[in-house]
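*Asks:* 3D model of this:
(one chain, ligands or ions: 2)
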Amino acid sequence: MNPIVSANNPEAVVIGVDFGTLSGRAVVVRVADGAELASAVHDFEHGAVTEALPESGVALAPDTALQVPDDYRAVLRQAVPKALAASGVPADRVIGIGTDFTASTFLPTTADGTPLCELSEFADRPHAYPKLWKHHSAQPEADDVNALAEERGEHWLARYGGRISAEWEFPKALQVLREDPEVYDRAERFIEASDWIIWQLCGSENRSACVAGYKGIHQDGAWPSREYLAGLDPRFAGFVADKLAHPLSQLGERAGGLTRAAAAVTGLPEGIAVAVGNVDAHVTAAAAQTVRPGEMLAIMGTSTCHVLNATEFAEVPGMCGAVRDGIATGSWGFEAGQSGVGDIFAWFADGFASAEYASEAAGLGITVHELLSRKAAEQPVGAHGLVALDWHNGNRSVLVDHGLSGVVAGMTLATRPEEIYRALIESTAFGTRAILDAFRDSGVPVDGFTVAGGLKRNDFVLRIYADVLNRPLHVADSDQGPALGAAIHAAVAAGAYPDVPVASEAMGSVTRDAVLPDPVRAAGYDDLYAIYADLHDHFGRGGTEALHRLRRIRNENRTS
Ligand SMILES: Nc1ncnc2c1ncn2[C@@H]1O[C@H](COP(=O)(O)OP(=O)(O)O)[C@@H](O)[C@H]1O
Ligand SMILES: O=C(CO)[C@@H](O)[C@@H](O)COP(=O)(O)O
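*Replies:* Ligands and ions are numbered 1, 2, ... in the order given. A predicted model of the protein is given here:
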């Protein structure tokens, strides 16, 4: 144990490490008040691997998104010591480390936690690599998982809004079995990256109940039955018992002590508390002080995750998951999400704004995003005559279908780039409104709406959300909500606070009513939302199969 600093020492600090889609960030946080003393970012060398495997160059199928596990270790080697050095805090004042990860980011390993892709015989096998949350090619497996669960009346399906997403663990593992049974057979464990990183820090396998509930299918203390799994494929019958099951730990608990090896790598004291693994979205609730029932938190960045606590369970069609104690102890934690948000804006700003826009932005010393936002902000609501569907990365809620794709309706020869950009931002706000409607219609109260994540820095985005949702937005103060949330969990795991809600009060912070809706603009958006709802149901609920047919045609022509 760390001999020098006890948990209630005012000098004590904790480290939070956020493993995002393209980088990992470490932040040094004072336990007493949550002050962020310093941080450091380390970009993943391989980012999201979507075209070809590193080194072997093996080409990847459409909708594949993989990662390289040593990129995760590099964050521990690089970002943690850098952040600590930048803070000027001596290492012996650190009492704990907490982490969070994208999810479901899921990998096959040997019994000792070695990722299969690190075994030379599997280095050129795509299915031996971690499948990133936005790996979307397991949609056929998700369809089978859902069809069989419906047919058998599996009680757990209701906890996932009636549909398991292709982004979650079971479709991904089934895809490995079907497409590369040798990798499946060699895998002694399948594990979330959020739990794997804890294994690296503590030296022994530890699994979080939060991750098992949301990204696996663990409900009421049980996993899907062997009979159900055998119905998917007889070879899958032992998936849970042989490769997944492990005692589960609760959020805020101490997973173990930092090993000597991990201490050497990170420069932190051996034996300090390592908090149980967590998901980037869920952990942010602690930083934004949204752990109380009725407070929805939208973590808006590359994608958006919505997390919400409620006192009672209710089935909310198309939501990602409801897990008892999944965000904060004593509540039902709900998760919903949009698989593309900032990524959609980036797709347009990077690929479709002309060179003239790029040089205008450079001349003004701003980004293309900022230029497009500035130009788009000048127009009244609806003046672009456009409504878009925000499905460029599929739909995670409420349709739970990654075979869907984006649509922009209403374009003419007069349509300008900033108008499309604005329509895309609006489409994501409409997607969030559809999620709020689903909660309302299912009787789950949403009293407050708080925004965290990188997009909170774009005032235009926030204004559109306030107007489309017609409610005040509260904004989390921290620019690194997930890392701060992870640090808060570390403080609890180290014994500095009795539980996450108490630590959140002391260490998190939020500005209430930071952005207020404008009644005139909000009324304008009601009309556009009605059109969004029409298009949503037409393209997403069987009015036409056009988007699925286009996806099939694309895949056939790309792989043949
Ligand atoms: N000014 C901006 N306006 C809108 N979107 C932006 C802006 N700047 C960056 N983005 C987009 O926001 C996303 C990054 O959000 P961030 O929260 O930093 O990342 P992550 O979700 O991966 O943690 C990217 O998709 C990026 O293209
Ligand atoms: O799905 C989840 C959490 O459940 C996220 O990890 C995933 O959307 C990725 O989040 P980011 O957009 O990278 O912050």
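*Asks:* Next, the contact list for the residue minimising distance to the centre of the chain, please.
*Replies:* Centrality entry for the chain: nearest residue to the mean C-alpha point is Thr102, 4.7 Å, by Cα atoms, centre = their mean. Taking Cβ atoms under 8 Å, 6 or more residues apart in numbering, we find Thr102 in contact with 19-21, 132-133, 193, 279-280. Bear in mind the C-beta positions are built from the backbone N, C-alpha and C, glycine included.
*Asks:* what about the strands in the stretch 51-200 of the chain?
*Replies:* 94-101, 106-109, 189-192 (DSSP state E, counting those that start in this stretch).
*Asks:* Among the ones you listed, which comes closest to ligand 2?
*Replies:* Smallest distance to ligand 2 across these (Cβ to the nearest ligand atom): 7.1 Å, for strand 94-101.
*Asks:* Ligand 1 versus Asp350, what's the distance?
*Replies:* Separation of Asp350 from ligand 1 (Cβ to the nearest ligand atom, to the nearest Å) stands at 8 Å.
*Asks:* so for the helix or strand hosting that residue, what's the average pLDDT?
*Replies:* Assigned by DSSP states H and E, Asp350 falls within helix 342-351. Averaging pLDDT along helix 342-351 gives 97.
*Asks:* which element follows that helix toward the C-terminus?
*Replies:* Following helix 342-351 toward the C-terminus (DSSP H and E): helix 355-364.
*Asks:* and the helix or strand just after that next one with helix 342-351, angle?
*Replies:* Counting by DSSP H and E, the next helix or strand C-terminal to helix 355-364 is helix 368-377. Relative orientation of helix 368-377 versus helix 342-351 (axes from the mean of the first three to the mean of the last three Cα atoms, to 10 degrees): 90 degrees.
*Asks:* anything in helix 368-377 near ligand 1?
*Replies:* Yes - using Cβ under 6 Å from any ligand atom, helix 368-377 reaches ligand 1 at 369-370.
*Asks:* Which strands and helices lie in contact with the helix or strand just after that helix?
*Replies:* Sequence order places strand 387-389 as the next helix or strand after helix 368-377, per DSSP H and E. For strand 387-389, the packing partners by 3 or more Cβ pairs under 8 Å, 6 or more residues apart in numbering; DSSP states H and E come out as strand 407-409, helix 417-441, helix 519-540.
*Asks:* Make JSON lines out of the ones you listed and add mean neighbour count, distance to Gly448 and mean pLDDT.
*Replies:* Formatted as JSON lines, the helices and strands packed on strand 387-389 follow (neighbours: other Cβ atoms under 10 Å; distance: least, Cβ to Cβ, whole Å; pLDDT from 0 to 100):
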{"stretch": "strand 407-409", "mean neighbour count": "17", "distance to Gly448": "31", "mean pLDDT": "98"}
{"stretch": "helix 417-441", "mean neighbour count": "22", "distance to Gly448": "12", "mean pLDDT": "97"}
{"stretch": "helix 519-540", "mean neighbour count": "16", "distance to Gly448": "17", "mean pLDDT": "98"}
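*Asks:* Can you report how many residues lie near the residue in the stretch 451-560 of the chain that ligand 2 sits nearest to?
*Replies:* As assessed by Cβ to the nearest ligand atom, ligand 2 sits closest to Gly453 within the stretch 451-560 of the chain, at 6.4 Å. Gly453 has 26 neighbours, counted by other Cβ atoms under 10 Å.
*Asks:* any chance of the helices and strands packed on strand 387-389 in CSV, with distance to ligand 2 too?
*Replies:* Below are these laid out as CSV (distance: least, Cβ to the nearest ligand atom, whole Å):
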stretch, distance to ligand 2
strand 407-409, 21
helix 417-441, 12
helix 519-540, 19
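*Asks:* Report the contact partners of the closest residue in space to Leu404 that isn't next to it in sequence.
*Replies:* Closest residue in space to Leu404, ignoring its immediate chain neighbours: Trp391 at 4.3 Å, by Cβ to Cβ, 6 or more residues apart in numbering. Counting by Cβ under 8 Å, 6+ apart, Trp391 touches 340, 404-407, 539-540, 547.
*Asks:* Quick check: the farthest pair among those?
*Replies:* Gly340 and Phe539 (15.3 Å; Cβ to Cβ).
*Asks:* Nearest to Gln175 among the contacts of Trp391?
*Replies:* Leu404 (18.9 Å).
*Asks:* and the closest residue to Lys134 other than its chain neighbours, what does it touch?
*Replies:* Nearest residue to Lys134 in three dimensions, chain neighbours excluded: Ala65, at 4.8 Å (Cβ to Cβ, 6+ apart). Remark: with contacts taken as Cβ under 8 Å, 6+ apart, Ala65 is in contact with 48-50, 131-136.
*Asks:* what about 6 Å?
*Replies:* 48, 50, 132, 134-135 (Cβ atoms under 6 Å, 6 or more residues apart in numbering).
*Asks:* ok, now Gly256?
*Replies:* If you count contacts by Cβ under 6 Å, 6+ apart, Gly256 has them with 202, 274.
*Asks:* Kindly confirm my reading that it is in a strand.
*Replies:* Yes - under DSSP: H, G, I helix; E, B strand; the rest coil, Gly256 sits within a strand.
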